[in-house]
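S.K.: Need coordinates for the below:
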Amino acid sequence: MNSHEVTKGVARAPHRSLFYAMGYTREDLEKPLVAVVSAHNEIIPGHFHLDKLAQSVKMGIAAAGGTPVEFPVIGICDGIAMNHSGMKYPLASRELIADSIEAMMMGHKFDAMVLIGNCDKIVPGMLMAAARLNVPTVYVGGGPMLPGSYHGENIDLISGAFEAVGACAQGKISEADLTEMEEKACPSCGSCAGLFTANTMNCLVEALGIGLPGNGTIPAPYGQRLALAKKAGQQVMEMVRRNIRPRDILTLQAFKNAIALDMAIGGSTNTVLHLLAIAYQADLELSLETFDEISGKVPNIVKLSPAGKDFLITLHEVGGISAVLKQLYDADLIDGGGITVTGKTLAENIESAKVLDAQVIRPLDNPYMQEGGIAVLRGNLAPDGAVVKQSAVVPEMLKHEGPARVFESEEEAFEAIMGGKINKGDVIVIRYEGPKGGPGMREMLSPTAALGGMGLDKDVALITDGRFSGGTRGAAIGHISPEAAEKGPIAIVEEGDIIQIDMPNRQLNVKLSEEEIAQRFAKWQKPEPKVTGKSYLARYSALVTSASTGAVVKAE
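M.R.: Below you'll find the model as predicted:
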């Protein structure tokens, strides 16, 4: 065992002494040392309750013959970081999370780990560490929040508080209404109630096989969530005994299964970034082409908020992710032969799953869309690709042509939207918000939510080299690569240029000749970096790669 390097032999007497200082016994040090990596904090609703899950995990580990040892990792709330300079940090924090777990695991020679996270960048950061370290690992999430209620209708953070900002700006609701809505949108701990990035990633964990069935949908306040955590602690010990490791589970086929699930449920576009990054840590070749290939085969059969009116609790009550996976497996759209953290195959995990409501999980022959929820677009504006959640786009905006309204930052665009300066038919262009140029590839939830609240999401498109929240709906196209700071074509778009969007044919173009584009590039000058000096963001900006490859940090 790895832990023998710190617990065995005469030379390790000082090491054991330090353990004894904390109350560990000789018997404890004879057992496998299992890290309980908890992202509990008091700033993220999805993580506020993770201390209780950590206790359940530790009980499970101890009951199954291990010695649990808890340590923390950081986490940023995307909602609180939204629409200001703080949003430069969440994606960048994904690397810090993975690196800090590596440092703790290697520095203390743990034998296995249970990862306890929930929200947007914490989940992929943890899974990146799992793939990199390759010690027996189970991931367990904190579960989704319950939906709120406003005047008899269920709401969440996006359909409630965020979109209410735009509605209030247009006089559709009063400030008193806004205040009431903000107080009721988030009624419990847990990751925000819709199928945004956090809940999408927690669902994909089940398809990847690195978490237990139920991980994606059991609500945060339920006792079942605590029971799941205890089972995770017990199961990691079984993995130690059987020497089942993350790279046995996180195969290329497992990633394809996760992508197929993503397409079926209409998950967040951020999953493209995160799955690419996790696959990179597992030394697997995964590309944007794989996403688009699978999107062409797997229909969209679930519509949760922001694309629909249902929430994660609804999906849980009608069969959960296992039921969706069972439909895909029965139609040969996923492979069920891979091993999972249960010690069984994916097919065995979902064998008894049933769809209890065909209105929530539609049959494959009656989908919402014949294609998957995410589309990868290319063209002279995005030679290396761009990503859109097409399942959350109204049909009339799947194809759109309109004049560019160009902004050099999210703040400029948001001010124009709130100031009533955007017209029907416009295509908002927000650039220099990519991984390097931002830096940190900020989410554009506030602009898109404001458009939705104003009722403009059916008439206005938004394109950016930044990214979008999983809560975004409308014709919002992100991850445009190359980004503006890396001399991507989005950098030379001018006010009034005609932007052509054709999602069915996977095209994103600006109506300019190659000669005109070349002439503009000849005049283009790379702007000064937005962040300099000794900050983490400056180092991140220097090392981060393109969104088309997952925005991972590479030393070379």
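
S.K.: Quick check: residue 470 vs residue 270, distance?
M.R.: Distance, residue 470 to residue 270, by CB to CB, to the nearest Å: 6 Å. Using the backbone N, CA and C atoms, a C-beta is placed for each residue, glycine as well.

S.K.: Find residues that contact each of these two.
M.R.: 120, 197, 200 (CB atoms under 8 Å, 6 or more residues apart in numbering).

S.K.: May I have the secondary structure class of residue 48?
M.R.: For residue 48, the assignment made with DSSP: H, G, I helix; E, B strand; the rest coil gives coil.

S.K.: how many neighbours does it have?
M.R.: Residue 48 has 18 neighbouring residues, counting by other CB atoms under 10 Å.

S.K.: Am I right that it is in contact with residue 189?
M.R.: Yes: at 4.7 Å, residue 48 counts as touching residue 189 under the criterion of CB atoms under 8 Å.

S.K.: What about the nearest residue to residue 426 once chain neighbours are set aside, how many residues nearby?
M.R.: The spatially closest residue to residue 426, leaving aside those adjacent along the chain, is residue 405, at 4.9 Å (CB to CB, 6 or more residues apart in numbering). Applying other CB under 10 Å, we find 23 residues neighbouring residue 405.

S.K.: Also residue 42?
M.R.: Look at residue 42: counted by other CB under 10 Å, it has 8 neighbours.

S.K.: Can you pull up the most central residue in this structure?
M.R.: residue 197 (3.7 Å; CA atoms, centre = their mean).

S.K.: tell me which element the residue nearest to residue 426 is part of?
M.R.: strand 399-407 (DSSP states H and E).

S.K.: got the buried residues for the next helix or strand after that strand?
M.R.: Once the chain leaves strand 399-407, the next helix or strand it forms, by DSSP H and E, is helix 410-418. By 16 or more other CB atoms under 10 Å, the buried positions in helix 410-418 come out as 410, 411, 413, 414, 416, 417, 418.

S.K.: Over to stretch 526-537?
M.R.: Those would be 530, 531, 537, for stretch 526-537 by 16+ other CB under 10 Å.

S.K.: on that earlier part again, list the residues that contact the residue nearest to the centre of the chain.
M.R.: 78, 119, 120, 268, 270, 271, 469, 470.

S.K.: among those residues, who's most crowded?
M.R.: Most crowded among the contacts of residue 197, counting by other CB under 10 Å, is residue 120 at 34 neighbours.

S.K.: Local confidence estimate at that residue?
M.R.: We have a pLDDT of 91 for residue 120.

S.K.: Also residue 452?
M.R.: Here, the pLDDT recorded for residue 452 equals 86.

S.K.: Over to residue 163?
M.R.: Looking at residue 163, the pLDDT reads 88.

S.K.: what about it, which helix or strand?
M.R.: Per DSSP H and E: residue 163 is located in helix 163-169.

S.K.: just residue 480 next, same as before
M.R.: Going by DSSP H and E, residue 480 is in strand 476-481.

S.K.: so what strands line up beside that strand?
M.R.: strand 382-389 (antiparallel), strand 461-464 (parallel) (DSSP bridges).

S.K.: helices or strands up against the helix or strand following it?
M.R.: Sequence-wise, the next helix or strand downstream of strand 476-481 (DSSP H and E) is strand 498-502. On a contact count with 3 or more CB pairs under 8 Å, 6 or more residues apart in numbering; DSSP states H and E, strand 498-502 meets strand 399-407, strand 427-430, strand 461-464, strand 507-510.

S.K.: so which of those is the most packed in?
M.R.: Most buried of the helices and strands packed on strand 498-502 by mean neighbour count (mean count of other CB atoms under 10 Å) is strand 461-464; its value is a mean of 28.

S.K.: And the contacts of it?
M.R.: Contact partners of strand 461-464, identified using CB under 8 Å, 6+ apart, comprise 381, 386, 397, 400, 402, 413, 426-431, 433, 444, 447-448, 451, 474-478, 480, 490, 499, 501, 508.

S.K.: Got a ChimeraX select line for the buried ones in those residues?
M.R.: The following ChimeraX line selects those of the contacts of strand 461-464 that are buried, judged by 16+ other CB under 10 Å:
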select :381,386,397,400,402,413,426,427,428,429,430,431,433,444,447,448,451,474,475,476,477,478,480,490,499,501,508
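
S.K.: And the helices in the stretch 101-250 of the chain, which stretches?
M.R.: 122-133, 163-169, 175-184, 197-208, 223-242, 246-249 (DSSP state H, counting those that start in this stretch).

S.K.: no no, the stretch 251-400 of the chain
M.R.: Going by DSSP H, counting those that start in this stretch, the stretch 251-400 of the chain shows helices at 252-265, 270-281, 288-295, 312-317, 320-330, 346-349.

S.K.: what comes up buried for stretch 211-226?
M.R.: Of all the residues in stretch 211-226, those buried under the rule 16+ other CB under 10 Å are 211-222, 225-226.

S.K.: And the residues you listed, which is closest to residue 18?
M.R.: Using CB to CB, residue 226 is the member of these that lies nearest residue 18, at 31.3 Å.

S.K.: Spit out the contact partners of the closest one.
M.R.: 52, 53, 56.

S.K.: Stretch 67-86 - what's its average pLDDT?
M.R.: Stretch 67-86 comes out at a mean pLDDT of 95.

S.K.: Buried ones in it, by neighbour count?
M.R.: In stretch 67-86, counting by 16+ other CB under 10 Å, buried: 67-70, 72-73, 75-79, 81-83.

S.K.: TSV for these, including distance to residue 261 and secondary structure?
M.R.: Output for the buried residues of stretch 67-86, formatted as TSV (distance: CB to CB, whole Å; DSSP: H, G, I helix; E, B strand; the rest coil):
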residue	distance to residue 261	secondary structure
67	35	strand
68	31	strand
69	33	strand
70	31	strand
72	30	strand
73	26	coil
75	24	coil
76	26	coil
77	25	coil
78	22	helix
79	25	helix
81	27	helix
82	27	coil
83	30	coil
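
S.K.: between these, which is closest to residue 251?
M.R.: residue 73 (25.7 Å).

S.K.: if we can go back for a sec, give the rounded mean pLDDT of the strand holding residue 405.
M.R.: On average, strand 399-407 scores 97.

S.K.: and it with strand 498-502, angle?
M.R.: 140 degrees (axes from the mean of the first three to the mean of the last three CA atoms, to 10 degrees).

S.K.: Now do strand 399-407: which elements does it pack against?
M.R.: Using 3+ CB pairs under 8 Å, 6+ apart: strand 399-407 touches helix 410-418, strand 427-430, strand 498-502.

S.K.: hmm, back to that, so what touches the strand holding residue 480?
M.R.: With CB under 8 Å, 6+ apart, strand 476-481 has contacts from 269, 272-273, 377, 381-389, 434, 444, 448, 461-468, 488, 490, 501, 508, 546-548.

S.K.: Repeat that for stretch 42-50.
M.R.: 38-41, 75-77, 80, 116-119, 122, 142, 145, 186, 188-192, 198, 220.

S.K.: From these, keep the buried residues only.
M.R.: Using 16+ other CB under 10 Å, the buried ones in the contacts of stretch 42-50 are 38-41, 75-77, 116-119, 122, 142, 145, 186, 188-192, 198, 220.

S.K.: Out of the residues you listed, list just those in strands.
M.R.: Among these, the members found in strands (DSSP state E) are 38, 116, 117.
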